[in-house]
Every structure is written in C-alpha cells, then in structure tokens.
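Asker: okay, here's the prediction I keep looking at, along with the sequence it came from:
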Amino acid sequence: MAAAPTTEQAYTTCEQITRTEAKNFYYGIRLLPPPKRAALCALYALARRIDDIGDEQGELAVKTEGLTLLRKELDRVAGGAGTDDPVLFAVIDAARRYPVPMGAFGELIDGVQADVDGVTYADFDELTHYCRCVAGAVGRLCLSIFGSSGDPAAPVYADQLGIALQQTNILRDIREDLINGRVYLPTDDLRHHGVRLELDATGALDDPDGGLAALIRAATERAENWYCLGLRLVPHLDGRSAACCAAMAGIYRRLNARIHANPVAVYDRRLSLSGREKTRVASGALLQYSMATLGRGSR
C-alpha cells in the first residue's frame, strides 16, 4: 500500500472531483461553510465512484466485481483499516466528524447493481424502492453533514427529497437510458398511456400518439408532490445548510417544471439548465435563508 494521503490532500482530491463532476450539486455545496463543504464533497466523490462503476463501458461481470470489491474495501476501512485511497480516506475522516450513515453507501451500491443487472420496474412502488437506494440514500448522507433540529422525521424528508430528484433524473434521461438498454419508467405507466419506448428514424424518442408526452407530464406532477414532501426538511436546517439543500433541490425542481411544460424537449437531447440559471437559483436560496437566519437572530 502506498503512503496514505494527508487529510488536506484527501479533501482537496474530493473537492476537485465534485467541482468537475457535480454539474448541479456543486452549486449548492459551495454555499456551505468550509468544514461541511469538504465533508459533503468527500461523500459525493465516493457516491460518484459507485455510480461511475455502473455507467462505465465493459462487461457486466466486471462491473459487478468492481461494485463487490468497493463494498468490501469500504467495509474494511470503516472497520479501522488504513487506506491510501484519498476518497475513502476523506470519507472515513468525515465519518469521524459527522454522524455519516455508512450503510447508505451499501444501499447506493445495491441500486447501481440493479442498473448493472438491467432490472425493470413493474409499478411506481418498485421504482420508489430503487430511487430510495440510489438517491434517498444520498439525501440521508447529505443530512448527516447538514445536521438538523433533531426532528426524527428529518431523515424521512431527506429520503423523500432524494426520491424527487431521482424521478427528475429519470425523466430527463429517458432517451439516453433507452440507448444504453435501461428502462426506468414503470411498466404500469407505459401500459396505461399506451407507450412503447422506441427511437424514431432520427434517433429521437418516438411518440406517434402523444402517449409518451402525457406519461412524462403526469410523472413530473408526481415528482412535484415528492418535492413538496421532501422540502419539509429545509426549515430544520441551519441557514447555510438550508441554502445548500434548497439550491440543489431548486435546480432539479426547476428542471422538472421545464420538462412538465414541454415533455418533447427530452425526446432528442439531455435537457439541463444553463450555468446562469443554476447560479440564480443558488444565489436566491442563499439570500432567502441568510435573511431568514438574520430574522430569527433579531427576535
């Protein structure tokens, strides 16, 4: 084993990964004070590594082996073994400083394994379980860094918010996932709207009867309900953590609204907000919750 990185080196590596790869989340993460920002970047970097194993090109058996080895290595270092891996080093250090639910990484690995196995979902309940693994777990990891007012419902809200974000991810990526052989839309929803997921001659999602557009619009409305449930978390967070959470959720919620307004927009591209729009959402969240904190302090 090579020499272990210093704590500073480990966190710097994680922040570089997050800044480069977290196209939406970093707009919120950067609103946190430095200690929380560093810890959350560590958790994100590991979550990203897990996700990348599932998404990389290659044999399914190789991906499964990669996930299995990472699970074992994570268990090993969580048990006190040393590591020269800067991401794992930073995660373990963060877990010493904050109540990180390390089991959530196992749930995330379970969800990515389902991706590798090509699991499909008969109904929304089955899809919710998957979303809870790959995104609800991330919500609970974030909460461990944010901290809360102690409300026992806070982890439930964090879980619900993660599920909301994942639904938007799924709707944004229908075409890309289909090209990669993955279908996340529940079979019940497809059947109800008379949809057969296919690409047309131009490589766009085929929707001859408008059923897919109707399905997507209904699914965005369902996702919006989950945003309303999950955002109950925000009042339980301190000002900076509330701003971070609201910014991350706000970017995806705005994307969800855009897909609802024009479902056809996802038929031939991966829809996203501009950097300016993301900055506006993050700045608005920071202003809102900074003012709220000042207001509480003045009473």
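Answerer: Perfect, thanks for sending it. Given the structure is predicted, the values throughout are model-derived calculations rather than measurements. Residues are numbered from 1 along each chain as shown.

Asker: how about low-confidence regions in the stretch 151-299 of the chain?
Answerer: 290-299 (pLDDT under 70).

Asker: and the helices in it?
Answerer: Along the stretch 151-299 of the chain, counting by DSSP state H, counting those that start in this stretch, helices occupy 154-172, 174-179, 187-192, 211-230, 239-261, 275-297.

Asker: before we move on, what SS does the nearest residue to residue 121 once chain neighbours are set aside have?
Answerer: Residue nearest to residue 121 in three dimensions, not counting chain neighbours: residue 127, with 4.2 Å by C-beta to C-beta, 6 or more residues apart in numbering. Where C-beta positions appear, they are placed from N, C-alpha and C, glycine not excepted. Per DSSP: H, G, I helix; E, B strand; the rest coil, the secondary structure class of residue 127 is helix.

Asker: picking that back up, for residue 2, which of the helices of the stretch 151-299 of the chain is the nearest?
Answerer: helix 239-261 (33.6 Å; C-beta to C-beta).

Asker: so for that closest one, what gets flagged as buried?
Answerer: By 16 or more other C-beta atoms under 10 Å, the buried positions in helix 239-261 come out as 239-256, 258-260.

Asker: quick one: that helix to chain centroid distance?
Answerer: Averaging C-alpha positions (C-alpha atoms, centre = their mean, to the nearest Å) puts helix 239-261 12 Å from its chain's average.

Asker: cool, stretch 170-187 as well?
Answerer: 16 Å.

Asker: cool, stretch 159-167 as well?
Answerer: That offset, for stretch 159-167, works out to 8 Å (C-alpha atoms, centre = their mean).

Asker: list the buried residues of that stretch.
Answerer: Per 16+ other C-beta under 10 Å, stretch 159-167 contains these buried residues: 159, 160, 161, 162, 163, 164, 165, 166, 167.

Asker: likewise for stretch 20-33?
Answerer: 22, 24, 25, 26, 27, 28, 29, 30, 31, 32.

Asker: so what's residue 185 up against?
Answerer: 121, 170, 174, 195, 197, 215, 219 (C-beta atoms under 8 Å, 6 or more residues apart in numbering).

Asker: what count of nearby residues applies to the first one?
Answerer: Meaning residue 121. 21 (other C-beta atoms under 10 Å).

Asker: need the buried residues of stretch 159-167 in TSV (columns: distance to residue 230).
Answerer: Shown next, in TSV, are these (distance: C-beta to C-beta, whole Å):
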residue	distance to residue 230
159	8
160	4
161	3
162	7
163	7
164	5
165	8
166	11
167	11
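
Asker: please name the nearest non-neighbouring residue to residue 73.
Answerer: Using C-beta to C-beta, 6+ apart, the nearest residue to residue 73 is residue 88, at 6.9 Å.

Asker: and if you look at residue 253?
Answerer: Closest to residue 253 by C-beta to C-beta, 6+ apart is residue 227, at 5.1 Å.

Asker: so that neighbour touches residue 166, yeah?
Answerer: No: Residue 227 is beyond contact range of residue 166, at 11.5 Å (criterion: C-beta atoms under 8 Å).

Asker: circling back: quick check: the residue nearest to residue 121 vs residue 170, distance?
Answerer: Counting by C-beta to C-beta, to the nearest Å, the separation of residue 127 from residue 170 is 8 Å.

Asker: same deal with residue 211?
Answerer: According to C-beta to C-beta, residue 211 and residue 170 sit 17 Å apart.

Asker: same thing with residue 179?
Answerer: The gap separating residue 179 from residue 170 is 14 Å, by C-beta to C-beta.

Asker: more neighbours: which of those two?
Answerer: Ranked by neighbour count (other C-beta under 10 Å), residue 179 and residue 170 place residue 170 first, with 21 against 11.

Asker: my read: the more buried one touches residue 183, true?
Answerer: No: using C-beta under 8 Å, residue 170 makes no contact with residue 183, being 9.7 Å away.

Asker: any common contacting residues for these two?
Answerer: Common neighbours of residue 170 and residue 183 (C-beta under 8 Å, 6+ apart) are residue 177.
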